[in-house]
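1. please work out how this folds:
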Amino acid sequence: MRIVLRAAPLLLACAQLAACGARQGGEIVVTPAQEEKLRIGAFMSLTGDTAQYGISALNGIRMAVEEANASGGVGGHRVELIVQDTRSNDVETDVVVRRLAGELRVHALIGEIVSSRSLRAAGIAQAARVPMLTPSATSPEVTKQGDYIFRSCYTDPFQGAALAQFAARTLQARRAALLVDAGERYSIELARVIREEFARQGGEIVVEQNFGKGAGDFSVPLAEVGAAHPDVIFIPGYYLEAGQLARQAKQMGIPAPLVGGDGWDSPRLYEIGGQALAGGFFSSHFSADDPDPQVQRFVEDYRRLYGNSPDAFAATAYDAARIMLDACARAASLERTAIRDALAATRDFPGVTGAVTFNSERNAVKPIVIIRIGDAGAQSVEAHIKPSDIAPRATPTPTPTPQKRRRRRAA
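-> The predicted model follows:
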C-alpha cells in the first residue's frame, strides 16, 4: 500500500500529460485540452430602453464568432464569447465591465453601443489595460480615454457635418429647427456639430428646443418649431423619441422634413412613427440594399439565422467582432498589449459597413450613408458621403449646457 501511494502522484502526472499532449521529437505536441481559449467579452444593453440596439449588435457579434470557430478558431484558439447585459443602465455597465476585465479575465472587449455607457466603460477598460472596441458609440470623447480604446464606426463630428451638408446642399434648406435630447451626450454633441456646420453652409438655426428622454408629449417644443416655419427639422436623438416627435409633428401640421442620425436606425422606428416619417432622412453606417456581394452575403446569412434583415447595429457589431478577431490572429500573443498593438495597425479591413482603417486617435476612417424613409417604412439609399467630402472644421465651440435653451428666430 505504501508503494502504491508513493507512486500515485507520478501516475497522475503521466495521465495528465497523456491527456494533454504527447512527446514527438523531443517536443510536446499540444492538444485542444491544453489550448487557451480566446475570451472575448461583449457588453450590450439586452434589456431596457436601448435593448433593440443591443440585441441586434449581439446577433452580429455571434455571427462573426461562429464563423471564426467554424473555420478553426483564431490562431489555433477557439473563441469563447462571454456576454453581459448592461440593462441600458450606467451603473450596471460599470459592474459588468469590471467583471469582464477582472474576474472573467477576457482578452478583449466589444461594446457598448451607446456613447454615454461606452464612455464609462472606456475609463474602466483603460485602467485595466484591456483592449475595448465600440462598434457604434460615435462620441469623440470615448476614444480619448486612452490607447486601449478603439472605435470601428464614424464619429459624431463627421456624422453631424454630413447631415448639415446634406440638408443645405441636397434639400436646399436655409432655415432649420433643432430638437435636442438634453439628457443624452450623443444628442448634445451631434447637435453642436449640426449647428456649426449648417451655419458654415449658409443656413440658420431659427429655433432650438430641448426635450427629455421618455417625455411622451412634445407639443410645447413642437409649437415653437411650427411657429418658426423651418425648411428642415434636425432631431439628433434615438428612435423612440424620434418616432413620437414625427407622429406629433404630423398631427400639428408641421410640413418640414425630419433629419436624424444613426440613433434612428431601428426596426421599431416605423412602428412608433408610422407614415409620419415618410419623406424623412437619417444617417447610417450600412444599408441592407447595398448591392455589394459581401454585403448581400451578410444580409442573407443574417436573415437565415435570425429571420429578419440586419440593421446598422448588427452590421457595425459584426464588423467590430471580425476586426477584433483579425487583430487577435495577427497579434504576437494573446497578451492584451499585443492585441492592442495589432488593433492599432488595422488598415483597410474589408467590412460590410465599408473599409476600416484606424487613425492615430484609434477612430475608424470610413464613409457614411444617408437613408430616405418612404411610404410604408420603405428605405432607400439617398447618398454616400466620404470623409474627404467634408471640409476641415475649425476648433469646436463649447457645447451650451442643457439648461441654456437657445431660441433664435429669423428677423
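2. please pull out the lowest mean pLDDT helix or strand from this protein.
-> strand 27-30 (a mean of 37; mean pLDDT, DSSP states H and E).
3. partner strands of the next helix or strand after it, parallel or antiparallel?
-> Using DSSP states H and E, the helix or strand that follows strand 27-30 towards the C-terminus is strand 38-44. Sheet pairing of strand 38-44 (DSSP bridges) gives strand 79-85 (parallel), strand 108-111 (parallel).
4. give the residue spans of the protein that score low on pLDDT.
-> Where the chain drops to pLDDT under 70, the residues are 1-35, 391-411.
5. what residue is smack in the middle of it?
-> Ser136 (1.1 Å; CA atoms, centre = their mean).
6. which residues touch the residue nearest to Tyr270 when sequence neighbours are not counted?
-> Nearest non-adjacent residue to Tyr270, counting by CB to CB, 6 or more residues apart in numbering: Gly377, 3.5 Å away. (C-beta placed from N, C-alpha, C; glycine too.) Going by CB atoms under 8 Å, 6 or more residues apart in numbering, Gly377 touches Leu269, Tyr270, Leu277.
7. ok, these vs Arg99, which is closest?
-> Leu269 (32.6 Å; CB to CB).
8. may I see the strands paired with strand 38-44 organised as a markdown table, with mean neighbour count and distance to Ala383 added?
-> Formatted as a markdown table, the strands paired with strand 38-44 follow (neighbours: other CB atoms under 10 Å; distance: least, CB to CB, whole Å):
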| stretch | mean neighbour count | distance to Ala383 |
| --- | --- | --- |
| strand 79-85 | 19 | 35 |
| strand 108-111 | 31 | 29 |
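9. of these, which is nearest Ala70?
-> Closest of the strands paired with strand 38-44 to Ala70 is strand 79-85, at 10.4 Å (criterion: CB to CB).
10. quick check, the residue nearest to the centre of the chain in contact with Thr155.
-> No - using CB atoms under 8 Å, Ser136 makes no contact with Thr155, being 11.2 Å away.
11. ranges for the helices of the chain?
-> In the chain, the segments counted as helices under DSSP state H are 2-20, 51-70, 90-101, 115-128, 156-165, 185-200, 219-228, 239-251, 268-273, 293-306, 312-330, 336-344.
12. residue ranges of each domain in the protein, please.
-> Using automatic domain parsing, the domain parsing of the chain gives 35-154+291-365, 157-284+378-389.
13. near the residue lying closest to Gln248 once chain neighbours are set aside, how many other residues are there?
-> Closest residue in space to Gln248, ignoring its immediate chain neighbours: Phe218 at 5.2 Å, by CB to CB, 6+ apart. The local packing of Phe218 (other CB atoms under 10 Å) involves 21 other residues.
14. distance check, Phe218 against Val95.
-> 33 Å (CB to CB, to the nearest Å).
15. please apply the same query to Asn359.
-> According to CB to CB, Asn359 stands 32 Å off from Val95.
16. try Ala345
-> Taken as CB to CB, the span from Ala345 to Val95 is 32 Å.
17. same check, this time on Tyr318
-> Taken as CB to CB, the span from Tyr318 to Val95 is 26 Å.
18. neighbour-wise, which of those two wins?
-> Neighbour tally, Tyr318 and Val95, criterion other CB under 10 Å: the higher count belongs to Tyr318, 29 against 15.
19. how far away is the more buried one from Val299?
-> From Tyr318 to Val299 the distance is 11 Å (CB to CB).
20. and the end-to-end length of stretch 79-97?
-> Using CA to CA, to the nearest Å, the end-to-end distance of stretch 79-97 comes to 19 Å.
21. ok, the closest residue to Gly146 other than its chain neighbours - how many residues close by?
-> Leaving aside its sequence neighbours, Gly146 sits nearest to Gln126 (CB to CB, 6+ apart; 3.5 Å). Neighbour count for Gln126, taken as other CB under 10 Å: 16.
22. just Gly123 next, same as before
-> So Gly123, with other CB under 10 Å, has 15 neighbours.
23. rebuild the strands paired with strand 38-44 as TSV, extending it with distance to Phe198.
-> Formatted as TSV, these follow (distance: least, CB to CB, whole Å):
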stretch	distance to Phe198
strand 79-85	38
strand 108-111	32
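24. can you say which of those is nearest to Pro387?
-> Short answer: strand 108-111, nearest of these by CB to CB, at 23.6 Å.
25. Ala168 and Thr155: what is the separation?
-> From Ala168 to Thr155 the distance is 20 Å (CB to CB).
26. when these two are compared, which one has more neighbours?
-> Thr155 (25 against 21).
27. in contact with the more buried one, which residues?
-> Thr138, Ser139, Pro140, Asn363.
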